[in-house]
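Asker: Sequence and predicted structure, then a few things I'm wondering about:
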Amino acid sequence: MMSGIGSSSSRNGLAVLLVAAAGVLAGCGSDPPPPPDLVPEAAAAAISQLWSQEQMNHFKVTFHSDDLVECGVKNDFWKLVEVTDKAGNAWSTTYRLTDKGSKMVTAISLQESGRGHEILLKGPYLIEVTGITDGSQPGTKAVAFRWEIDWDKASSDLKTCLPRFELSGNQVALFQLDNNSWKFVSYLTQEDIQNLPPPPDGAPPTTPAITSPLTH
C-alpha cells in the first residue's frame, strides 16, 4: 500500500512540474518580438509619405538675387502691397504672394536690396538619408537627411525665378517606436540635436547644420 501511495505522489509531482514548465513556455511565447531596425529606405519612405500630403514639407531657404523681385512681379508670382494700420493708414509696403505664386511656394520675405530673400518652399523634394542614430529618449531614433527640390517634377513657374542650386538643405527627423513600428514624429531643433547621445563607433554622425522648417 505504501508503494502505491508513493507512486501516486510521484505521478502528481511530475504532473505539477509539467504544468509549470508548460506555463513557462507559454510565457516565453507571449513575449513581444524585438523592434525592427529603422533602415534608411523605410525612414525616407515615411517622410516622403507625409510630404505627399503637404505635411511637414515647408522648408525655408535664404539666398541673394538682384533680379528675383522683378522676375516674380513680371510673372505675377507676387506683388507690392501697402501695409496699413487699423485706421487704414499706410505705413509700409511689402511683397505678397498672388494666387498663382501661392501654388508654387508657401510664403516669401523679399528684400529690395536683393540680399537675404527668404522663401518658404513646399516641394516636391528628393531626399537622401545621411545617418540614423539613437535619440535622447528610449525607443526613439534621430534620422539626418538632406533634401533638395526635385527639379524634374517641379512646376515650370518655380523654375522661372528661383535658382535650383539654392533650393536644398538638411534636417533631422525624430522617429518613435509605436506598436513595434517606427513613426515619424517631428523635426529636431539645433538644441535637440546637441543633446543627442554620441553615435556608436563606426556610425555616421547626425547632421548638425539644419535649416528651419516652418508651418503655415
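Answerer: Sure, I can see it. Residues are numbered from 1 along each chain as shown.
Asker: so I119 makes contact with C161?
Answerer: No: using Cβ atoms under 8 Å, I119 makes no contact with C161, being 9.7 Å away. Yep, even glycine has a C-beta here, placed from its N, CA and C like the rest.
Asker: Restricting the selection to alpha carbons, write stretch 92-102 to PDB.
Answerer: Taking Å, rounded to 0.1, in the frame of the first residue of the first chain, the C-alpha atoms of stretch 92-102 are listed here in PDB:
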ATOM      1  CA  SER A  92       4.900 100.500 -45.300                       C
ATOM      2  CA  THR A  93       4.900  98.200 -48.300                       C
ATOM      3  CA  THR A  94       5.800  94.600 -48.800                       C
ATOM      4  CA  TYR A  95       5.700  91.900 -51.400                       C
ATOM      5  CA  ARG A  96       2.900  89.300 -51.100                       C
ATOM      6  CA  LEU A  97       2.200  86.100 -53.000                       C
ATOM      7  CA  THR A  98      -0.500  86.200 -55.600                       C
ATOM      8  CA  ASP A  99      -2.900  83.200 -56.100                       C
ATOM      9  CA  LYS A 100      -0.500  82.000 -58.800                       C
ATOM     10  CA  GLY A 101       2.500  82.300 -56.600                       C
ATOM     11  CA  SER A 102       0.800  80.500 -53.700                       C
END
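Asker: for that stretch, which positions count as buried?
Answerer: Buried residues in stretch 92-102, defined by neighbour count with 16 or more other Cβ atoms under 10 Å: Y95, L97, G101, S102.
Asker: okay, and for this structure, where does confidence drop off?
Answerer: 1-30, 32, 88-90, 200-216 (pLDDT under 70).
Asker: need the strands for this structure, in chain order.
Answerer: Ranges of strands in the chain, per DSSP state E, are 60-63, 78-84, 90-97, 107-109, 117-120, 125-134, 140-149, 168-178, 181-187.
Asker: Columns distance to P197 on top of those strands, output as a markdown table?
Answerer: Converted to a markdown table, those look like this (distance: least, Cβ to Cβ, whole Å):
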| stretch | distance to P197 |
| --- | --- |
| strand 60-63 | 28 |
| strand 78-84 | 44 |
| strand 90-97 | 42 |
| strand 107-109 | 35 |
| strand 117-120 | 32 |
| strand 125-134 | 6 |
| strand 140-149 | 9 |
| strand 168-178 | 14 |
| strand 181-187 | 18 |
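Asker: buried stuff in stretch 174-188?
Answerer: For stretch 174-188, using 16+ other Cβ under 10 Å, the buried residues are L174, F175, Q176, L177, W182, F184, Y187, L188.
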